[in-house]
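Participant: below: sequence and its predicted model.
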Amino acid sequence: MSTDTSDWIREPLHADYGQGLKVEEVFYDSKTEHQRLRVFRNNTFGRILTLDDVVQTTEGDNFIYHEMLTHVPILAHGAAKRVLIIGGGDGGMAREVLKHQSVEHVTMVEIDAGVVEFSKEHLPTLSQGAFDDPRLNLVINDGALFMKETTDRFDVIIVDSTDPIGPGEVLFTDTFYGHAKRALTPGGILVTQNGVPFMQGDELTNTMRAFQALFADATCYMATIPTYAGGPMAFGWGTDSDARHVTLETLQTRFQAAKLTPDYYTPEVHQGAFALPGYVLKLMP
Ligand code: SAM
């Protein structure tokens, strides 16, 4: 076995645990004042985007994350016409939302125009043309500020944020969640990226505490995304409707009508994703 690790990166996200990824070919490597941005190819995951060696997204497994944060709330809702994405600069979330022909309008609020431009150029398979869809309204602004001020209302709100450090931190606050609830139509659904609870349990506990104070139905659902290492990822779920309990039959009917051909999502996976293991239930306040 080779002991040469010079062409590998080791993710420094956790103090004593981290995944390693072999770098086959570098497409972009730039050190800004704040962070090192890299796009490289790995044989298993295709192009990978890292910020300070922390994986943000990969061509190979982003479908799991994006399908589960879009098709689950949209198909559970059943009549979502207006969708709001907070973050989402790589375009993968818009790509999946716009596959729903029933969705008439998508507002996407991304703080960093550079992420959008960078992804269009270096990771075009992520957005697959979503930025050119006339149903998409791209707003460059802080998602927390937008949420505080907007008078628009949305059937589904998806928070596709970075981790709760730096600019993403405000997207994990009680104030932000309160404003998000106000921006939902009656029966609307809020879903959030909530980290890998085995490694980042506090993140889920804090969000769930806020959701329980705001929503009649506050929980999370899960999916395993290989490059978000450490176990399955949790997605926060908050709504005043009973959309979580939609029957499998109804989900199957909606899924067929939507004519989606996903690689991860199925109505059965949708229902099963809400079955939580004991260690995650214990993180619920
Ligand atoms: N899936 C990745 C993960 O789990 O690490 C993150 C996805 S990435 C599309 C998240 C996006 O959120 C980035 O483009 C970042 O610029 C954006 N973002 C961070 N803070 C934000 C804020 N306050 N308002 C709007 N967008 C923000």
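Facilitator: Arrived safely, thanks for sending.
Participant: who does the residue nearest the centre of the chain bridge with?
Facilitator: Geometric centre of the chain, nearest residue: residue 160, 3.8 Å, by Cα atoms, centre = their mean. On the basis of DSSP bridges, residue 160 is bridged to residue 87.
Participant: next up, the contacts around it.
Facilitator: 69, 85, 86, 87, 88, 93, 193 (Cβ atoms under 8 Å, 6 or more residues apart in numbering). Any C-beta I mention is one placed from the backbone N, CA and C, and that applies to glycine too.
Participant: can you give me the neighbour number for the fourth one?
Facilitator: It stands for residue 87. 22 (other Cβ atoms under 10 Å).
Participant: wait, it sits on residue 144?
Facilitator: No - counting by Cβ atoms under 8 Å, residue 87 stays clear of residue 144, with 10.9 Å between them.
Participant: shared neighbours, these two?
Facilitator: Contacts common to residue 87 and residue 144, judged by Cβ under 8 Å, 6+ apart, are residue 171.
Participant: the residue in the stretch 101-250 of the chain that the ligand sits nearest to: neighbouring residues, count only.
Facilitator: Scanning the stretch 101-250 of the chain for proximity to the ligand using Cβ to the nearest ligand atom identifies residue 143 as nearest, at 3.2 Å. Applying other Cβ under 10 Å, we find 28 residues neighbouring residue 143.
Participant: which one is it nearest to, not counting chain neighbours?
Facilitator: Nearest non-adjacent residue to residue 143, counting by Cβ to Cβ, 6 or more residues apart in numbering: residue 86, 3.7 Å away.
Participant: same check, this time on residue 164
Facilitator: Leaving aside its sequence neighbours, residue 164 sits nearest to residue 172 (Cβ to Cβ, 6+ apart; 4.1 Å).
Participant: interface residues of the stretch 101-250 of the chain facing the ligand?
Facilitator: 109-112, 115, 142-144, 160-162, 167-168, 170-171, 193 (Cβ under 6 Å from any ligand atom).
Participant: let's go with 5 Å and repeat that
Facilitator: Residues of the stretch 101-250 of the chain lying near the ligand by Cβ under 5 Å from any ligand atom: 110, 111, 112, 115, 142, 143, 161, 162, 167, 168.
Participant: out of those, who's nearest residue 59?
Facilitator: Residue 59 lies nearest to residue 115 out of these, by Cβ to Cβ, at 16.2 Å.
Participant: neighbours around the closest one, how many?
Facilitator: 21.
Participant: what separates it from residue 229, distance-wise?
Facilitator: 22 Å (Cβ to Cβ, to the nearest Å).
Participant: between the residues of the stretch 101-250 of the chain next to the ligand, which has the most around it?
Facilitator: Counting neighbours by other Cβ under 10 Å, residue 143 leads those with 28 neighbours.
Participant: go ahead and confirm that one touches residue 172.
Facilitator: No - assessed by Cβ under 8 Å, residue 143 is found out of contact with residue 172, at 11.1 Å.
Participant: can you list residues touching both of the two?
Facilitator: Listed as contacting both residue 143 and residue 172 by Cβ under 8 Å, 6+ apart are residue 161.
Participant: returning to that earlier point: look up how far residue 194 lies from the residue nearest to the centre of the chain.
Facilitator: Relative to residue 194, residue 160 is positioned 12 Å away (Cβ to Cβ).
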